[in-house]
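Trainee: Dropping a prediction and its sequence here:
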Amino acid sequence: CKDSYEVAAIRKAASIAAEALRQACRYIRPGVTESELAGRIDFEMRRLGAKASFDTIVAIGANASRAHHQPTAKKLRGRDTILIDFGARYRGYCCDITRCFAVGEPAVLYAKAYDVVGQAQLAAIKKIRPGVKIKEVDSAAREAIAASGLPVYGHGTGHGLGLEIHEQPFLKADSKGRLQAGQVITVEPAVYMPGKLGVRIEDDVLVTEDGCRVLTSGIPHKPFVLGYRG
């Protein structure tokens with residue numbers, strides 16, 4: 001559980017990450033590689049007084065179907081999709097965020113997956129409050145995706161974070177215990193279709209005395225890239 005100082009540090013890390021992503025999006029255009037974009041995000045976080053809280057993931061197109069993809073020399077095409085999973089570390093405290101974008105008009109299947117993942121995340125966040133069983137948050141997201149007919153992700157729905165990028169509690173189907181006020185957790189449901197697409201949306205959420213508060217709301221959920229239209 002985090003005190004007010006720790007929560008403030010995580011919020012600051014999130015605000016730095018938000019600005020770094022906004023700046024990095026200016027460099028998104030056909031021909032940019034996954035590695036170049038990851039490097040730009042890391043540079044912007046350092047320029048703003050933080051550093052990456054883990055190895056930045058940038059996955060273009062079907063590469064996003066691998067949850068822990070590492071950036072490569074793959075280039076963005078005129079009509080493509082991008083998954084960015086990154087975080088800033090500020091005064092020792094981490095944030096962890098994933099956003100997905102479509103460059104140009106997204107394919108129908110991608111648009112459906114994006115909408116379903118957003119609904120699953122919202123269903124999970126609505127469950128978050130002190131005393132709720134941790135596994136109920138996990139199941140809320142999975143049930144929303146299963147109901148759509150799309151494949152349900154194999155990893156956990158989220159995890160705690162703070163001084164470490166992965167801390168207790170872990171939101172999984174077999175998780176024990178209940179949420180407590182002061183915990184900061186990620187909520188990151190996803191849809192992965194190998195060889196086709198990957199969509200994951202991740203936010204950091206504080207468990208409050210009477211519910212929850214999203215700490216990463218400074219980065220809107222927008223399934224397109226500002227600055228370039230294919």
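Mentor: Alright, I've got the coordinates. Residues are numbered from 1 along each chain as shown.

Trainee: Next, count neighbours for the closest residue to residue 68 other than its chain neighbours.
Mentor: The spatial neighbour of residue 68 that comes closest, neighbours along the chain excluded (Cβ to Cβ, 6 or more residues apart in numbering), is residue 57 at 7.2 Å. All C-beta atoms are positioned from the backbone trio N, CA, C, and that covers glycine. Residues near residue 57, counting by other Cβ atoms under 10 Å, number 22.

Trainee: can you check residue 126 too?
Mentor: When neighbours are defined as other Cβ under 10 Å, residue 126 has 12 of them.

Trainee: Same check on residue 38?
Mentor: 23.

Trainee: What are the buried residues along the strand or helix carrying it?
Mentor: Assigned by DSSP states H and E, residue 38 falls within helix 34-47. Buried residues in helix 34-47, defined by neighbour count with 16 or more other Cβ atoms under 10 Å: 34, 36-42, 44-45.

Trainee: Tell me the helix or strand right after the helix or strand of the chain with the lowest mean pLDDT.
Mentor: Using mean pLDDT, DSSP states H and E, the weakest-scoring helix or strand in the chain turns out to be strand 97-103, at a mean of 94. Counting by DSSP H and E, the element after strand 97-103 in chain order, helix or strand, is helix 108-127.

Trainee: Give me the helices and strands touching that next one, please.
Mentor: strand 97-103, helix 134-148, strand 184-187, strand 190-193, strand 197-200, strand 203-207 (3 or more Cβ pairs under 8 Å, 6 or more residues apart in numbering; DSSP states H and E).

Trainee: and of those, who's closest to residue 157?
Mentor: Closest to residue 157 of these, according to Cβ to Cβ: helix 134-148, at 4.3 Å.

Trainee: mean confidence score for that closest one?
Mentor: The pLDDT scores in helix 134-148 average 98.

Trainee: That helix vs strand 203-207, what angle?
Mentor: Counting by axes from the mean of the first three to the mean of the last three Cα atoms, to 10 degrees, helix 134-148 lies at 140 degrees to strand 203-207.

Trainee: Pull the residues that contact helix 134-148.
Mentor: For helix 134-148, contacts defined as Cβ atoms under 8 Å, 6 or more residues apart in numbering pick out 112, 116-117, 119-121, 123-124, 126-128, 151-153, 156-158, 169-179, 187, 189, 191.

Trainee: Which positions within that helix qualify as buried?
Mentor: Across helix 134-148, burial judged by 16+ other Cβ under 10 Å covers 134-135, 137-142, 144-145, 148.

Trainee: of all those, which two lie farthest apart?
Mentor: 134 and 148 (23.4 Å).

Trainee: and stretch 42-61, how far out from the chain's middle?
Mentor: Relative to the centre of its chain, stretch 42-61 is centred 13 Å away, using Cα atoms, centre = their mean, to the nearest Å.

Trainee: how long is that stretch from one end to the other?
Mentor: Criterion Cα to Cα, to the nearest Å; first-to-last residue distance in stretch 42-61 is 21 Å.

Trainee: Just the mean pLDDT for that stretch, thanks.
Mentor: In this model, stretch 42-61 has a mean pLDDT of 98.

Trainee: ok, residues contacting that stretch?
Mentor: The contact list for stretch 42-61, computed with Cβ under 8 Å, 6+ apart, reads 13, 16-17, 19-21, 23-24, 34-35, 37-38, 41, 66, 68-71, 74-77, 80-90, 94-96, 98, 165, 197-198.
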